[in-house]
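In: Got a predicted structure plus its sequence, pasted below:
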Amino acid sequence: MAENGEVTIVGAGARLEGNVVSAGNLRIDGQVKGQINADGDVVLSPQSQVEADIRSQNVSVAGRFKGNILVKGKAHLARGGRIDGNITSKTLVVEEGGIFHGQSNMDAGAGSGSPSTQAAQQSAGTPKEGEEKKPDQVKV
């Protein structure tokens, strides 16, 4: 979690609809529908049910989530958690038993283009002599 230690908690019996904004970290044990913006981290506990778009530093999903996630750091899908939606993050961790339906865009910024990845992408489009081109496949 972020360093500031401030945590906003949406309790297990709570149901919120609308925009949730937190200057620090946010933990959701209940139900939220709408938008979630946190300057820190967002944690969805196993009993949480969230239908929203999340923007935060990091996110950890152990409950049920439907929507899009945009984080600057790590998106973590815990065992028993479910994400139905798209994720944009630098790092994505999916534990065994986690369910993810959607697309992941791992945007590592300047560090995303390692020389070996760039070489693989460049050579993937042109078959070498004696090789057949296989569409949509890249050997790394």
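Out: Now that the structure is in, tell me what you want to look at.

In: can you give me the mean pLDDT across stretch 89-96?
Out: Stretch 89-96 carries an average pLDDT of 97.

In: Just the endpoints, please. Distance across that stretch?
Out: End-to-end distance for stretch 89-96: 19 Å, by Cα to Cα, to the nearest Å.

In: Just the buried residues of it, please?
Out: Buried residues in stretch 89-96, counted by 16 or more other Cβ atoms under 10 Å: Ser89, Lys90, Leu92, Val94. All C-beta spots, glycine's among them, are computed from the backbone N, C-alpha and C.

In: next one: stretch 53-66
Out: Buried positions in stretch 53-66, judged by neighbour count with 16+ other Cβ under 10 Å: Ile54, Arg55, Ser56, Gln57, Asn58, Val59, Ser60, Val61, Ala62, Gly63, Arg64, Phe65.

In: Which two of these have the greatest separation?
Out: Using Cβ to Cβ, the pair of the buried residues of stretch 53-66 lying farthest apart is Gln57 and Arg64, separated by 21.9 Å.

In: which helices and strands sit right next to the one helix or strand Lys33 maps to?
Out: Lys33 is part of strand 31-38, with elements assigned from DSSP states H and E. Applying 3 or more Cβ pairs under 8 Å, 6 or more residues apart in numbering; DSSP states H and E, one finds that strand 31-38 makes contact with strand 15-22, strand 25-28, strand 49-56.
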